[in-house]
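Chemist: next input, structure requested:
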Amino acid sequence: MTASYTEARETDIQRCGWCSNNPLYQHYHDHEWGKPSHNRQQLFEMLCLEGQQAGLSWITVLKKRDCYRQCFFDFLPEKVAQLGEAEINQYLQNPGLIRHAGKLNAIVANAQAWLAMEQHGFNMVEWLWSFVNAKLQPQALQNYTQNPVQIAASLAMSKALKKAGFKFVGPTTCYAFMQAAGLVNDHEAGCSSRLLATH
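Modeler: Here you go, the predicted model:
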């Protein structure tokens, strides 16, 4: 395949309006965002990272994701749950992370809450998907600016997660998680990735 042909194909890709020209952002949009995930570790990661975004842009989190994965054991709940105050205090000095004590401690609290639910018999993958009746929900919006900040399913998920002890899981965060993990398909109607995001 020639370079010119590759470049032409990349140019032909239609992306959602929120996706910038940043190659990292484009790769995330094309290969991850909105694709249904049933991977336990990936779902836990996305739930935590969406909480880290609160008040910030997603590209800020995306640029730091590799450091988060290194510090939080690739978001394996069993290992994350064992992190203590000393480790979090050390992480607060790490410029590769968002240095917010509440947000970093929330990842540990979320791991502990996740494991507690599993110990009570919950299959967390199935439970998270139950908020959309275990089926990818298409929305087919013409423009991303039409997206609401939350939907009924994200409000219900937020209430349930908070009751279970999860942190930084407001309804807007939960909606962003549902979009990212492919529980809802919010690629714009003209986006090349829309038809690829199937259940």
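
Chemist: for the protein, longest helix please?
Modeler: helix 101-119 (DSSP state H).

Chemist: quick one: the strand or helix carrying Glu87 to chain centroid distance?
Modeler: Taking DSSP states H and E as the criterion, Glu87 maps to helix 85-91. Helix 85-91 has its C-alpha centroid displaced from the chain centroid by 24 Å (Cα atoms, centre = their mean, to the nearest Å).

Chemist: which other helices and strands does it contact?
Modeler: Packing contacts for helix 85-91, counted by 3 or more Cβ pairs under 8 Å, 6 or more residues apart in numbering; DSSP states H and E, involve helix 101-119. Using the backbone N, CA and C atoms, a C-beta is placed for each residue, glycine as well.

Chemist: centroid residue for the protein?
Modeler: Met46 (3.0 Å; Cα atoms, centre = their mean).

Chemist: from Leu56, how far off is that residue?
Modeler: Applying Cβ to Cβ, to the nearest Å, the value for Met46 to Leu56 is 16 Å.

Chemist: got it, and Asn105?
Modeler: Applying Cβ to Cβ, one obtains 17 Å for the distance of Asn105 from Leu56.

Chemist: these two: who's more crowded?
Modeler: Under the criterion of other Cβ atoms under 10 Å, the comparison of Asn105 against Leu56 puts Asn105 first, with 17 against 12.

Chemist: now for that one: which residues touch it?
Modeler: Ile88, Lys167 (Cβ atoms under 8 Å, 6 or more residues apart in numbering).
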